[in-house]
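Chemist: Turn this into a model:
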Amino acid sequence: MNAPDGVLVVGASAAGLATAEALRRKGYLGALTVLGAEPHLPYDRPPLSKQVLAGTCQPDRAQLRRPDVLSALDATFVLGDPAVSLDSVNRTVHTSSGLALTAEAVVVATGLRPRTLPGQDGLAGVHVLRTLDDALALRKNLLSCPRMVVVGDGVLGVELRLGTAVTGLSSHEDRVTGVCLETGEVLPADVVVVAFGAAPATEWLADSGLPRDNGIVCDSRCRAADGIYAVGDVARWHHETLNALLRLENRTNATEQGIAVAGTVLGDDEPYTPVPYFWTDQFDVKIHVHGVLSPDAEVTVVDGDVADNRFVATYRHGGIVTGVLGWNMPKQARLHRQEIGNPALAGGKP
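Modeler: Numbers count the residues shown, from 1 in each chain. Below is the predicted model of the structure:
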């Protein structure tokens, strides 16, 4: 095994933890450090906007592993100390507190940062929902405030105002009072949740020399430079099967990419070529997506019927299936998944 002399994982995220655990499973016995910007041990994010926000489960239930399981990893967790810069030549990460952490292999797993509105910082009653502390602060605010406005359709509010841009926020004595629309209307609000997406957290890499373009640009092995890798939401790597740069924001990829990169760090030489996958429940609709759904693709319904609100559609480029959409037909969508990138199945028959 061509094991490095020390591995530093920057980001105590799902992807970062998956990388650390895979390194140990694959037999790596060297020094292992996990650096986290938040003071919490690694936790799962999906429950934050659901059970944690609703108060149906305690915050510690969102932890990915029990403390004793993490202790068995024999890794050093440096928490509550964000990375502020990277010397990619010497593979040294500098932190907010002044630490300088050096390793032979550095894996960046810093994820995403929420987008914000102008004038949002420091304004009471305005929230994003990305971290555990964000969820707890929002829940506390909601319990005492009757009017809420959600900016962004990633999370649905009760009354939708589609096709209307937000220009800013109104406030009084450093507390939000409403959301200003381009029409001139102001939506009164005691609480505002800003939820119009997120961007890769790469600002701290500005002077690193690493290629950044909608994430950290990597080769097909998720390698950004010699001895430096990226995993999870922050990684944009070359997918050899799809022949495209890809960046995936989902929980499944965070785990699978972490496992793949752990292998590469230890000497494997295999491209990372997953079939992208995510699912979501929107009220009574179950949506399952495999592959990539490009807006300019040729779309064909291959199972079910749109009129029945149950169907599977394939997305093609040059006759090759690049994506499959299942609408209330998860099992059938999974069967058609095998067509993705397979010229022999270009006719759509599994």
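
Chemist: Can you show me the strands along the stretch 151-300 of the chain?
Modeler: 166-172, 175-181, 186-188, 191-194, 198-200, 216-218, 223-225, 228-230, 235-239, 244-246, 277-282, 285-291, 298-305 (DSSP state E, counting those that start in this stretch).

Chemist: Out of these, which gets the lowest mean score?
Modeler: Here the strands of the stretch 151-300 of the chain differ in mean pLDDT, and the lowest is strand 277-282 at a mean of 85.

Chemist: In contact with G258, which residues?
Modeler: A14, A15, G16, L17, A18, T19, E21, A22, A109, V231, G232 (C-beta atoms under 8 Å, 6 or more residues apart in numbering). Heads up, the C-betas are built off the backbone N, CA and C, glycines and all.

Chemist: Next up, the contacts around the closest residue to the fourth one other than its chain neighbours.
Modeler: What it means is L17. Excluding its sequence neighbours, the residue lying closest to L17 (C-beta to C-beta, 6 or more residues apart in numbering) is P42, at 4.3 Å. Applying C-beta under 8 Å, 6+ apart, we find P42 in contact with A12, S13, A14, G16, L17, V34, G36, Q63, L64, R65, L70.

Chemist: again, only using 7 Å
Modeler: A12, S13, A14, G16, L17, L64, R65 (C-beta atoms under 7 Å, 6 or more residues apart in numbering).

Chemist: Low-confidence bits of this structure, can you list those?
Modeler: Along the chain, segments meeting pLDDT under 70 span 1-2, 153-156, 158-160, 344-350.

Chemist: in it, which spans are helices?
Modeler: 14-25, 51-54, 67-71, 132-142, 251-265, 330-336 (DSSP state H).

Chemist: For stretch 37-55, buried residues please.
Modeler: 37-38, 40-45, 47-49, 51-53 (16 or more other C-beta atoms under 10 Å).

Chemist: what's the answer for stretch 64-83, then?
Modeler: For stretch 64-83, burial by neighbour count (16+ other C-beta under 10 Å) applies to L64, L70, L73, A75, F77, V78, D81, P82, A83.

Chemist: re the thing from before, okay if I get the strands of the stretch 151-300 of the chain as TSV plus distance to T264 and mean neighbour count?
Modeler: Conversion of the strands of the stretch 151-300 of the chain to TSV gives the following (distance: least, C-beta to C-beta, whole Å; neighbours: other C-beta atoms under 10 Å):
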stretch	distance to T264	mean neighbour count
strand 166-172	42	16
strand 175-181	45	18
strand 186-188	49	15
strand 191-194	36	22
strand 198-200	20	18
strand 216-218	10	23
strand 223-225	7	20
strand 228-230	7	28
strand 235-239	11	24
strand 244-246	16	15
strand 277-282	21	12
strand 285-291	23	19
strand 298-305	35	14
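
Chemist: between the ones you listed, which gets nearest to G27?
Modeler: G27 sits nearest to strand 228-230 of all the strands of the stretch 151-300 of the chain, at 18.2 Å, using C-beta to C-beta.

Chemist: counting contacts, what elements does the closest one pack onto?
Modeler: Packing contacts for strand 228-230, counted by 3 or more C-beta pairs under 7 Å, 6 or more residues apart in numbering; DSSP states H and E, involve strand 105-108, helix 251-265.

Chemist: what's the offset of the longest one from the middle of its chain?
Modeler: So that's helix 251-265. On the basis of C-alpha atoms, centre = their mean, to the nearest Å, helix 251-265 sits 13 Å off its chain's mean C-alpha point.

Chemist: thinking again about what came up before, quick one: closest of the strands of the stretch 151-300 of the chain to E104.
Modeler: Of all these, strand 228-230 comes closest under C-beta to C-beta, at 10.4 Å.

Chemist: Turn the strands of the stretch 151-300 of the chain into JSON lines, including distance to K26.
Modeler: Formatted as JSON lines, those follow (distance: least, C-beta to C-beta, whole Å):
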{"stretch": "strand 166-172", "distance to K26": "47"}
{"stretch": "strand 175-181", "distance to K26": "49"}
{"stretch": "strand 186-188", "distance to K26": "52"}
{"stretch": "strand 191-194", "distance to K26": "40"}
{"stretch": "strand 198-200", "distance to K26": "27"}
{"stretch": "strand 216-218", "distance to K26": "20"}
{"stretch": "strand 223-225", "distance to K26": "17"}
{"stretch": "strand 228-230", "distance to K26": "15"}
{"stretch": "strand 235-239", "distance to K26": "19"}
{"stretch": "strand 244-246", "distance to K26": "24"}
{"stretch": "strand 277-282", "distance to K26": "24"}
{"stretch": "strand 285-291", "distance to K26": "27"}
{"stretch": "strand 298-305", "distance to K26": "39"}
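
Chemist: Out of those strands, the one nearest L335 is which?
Modeler: Evaluated with C-beta to C-beta, those place strand 298-305 nearest to L335, the distance being 8.4 Å.

Chemist: who does that closest one touch, helix- and strand-wise?
Modeler: When contacts are defined as 3+ C-beta pairs under 7 Å, 6+ apart, strand 298-305 packs onto strand 310-317, helix 330-336.
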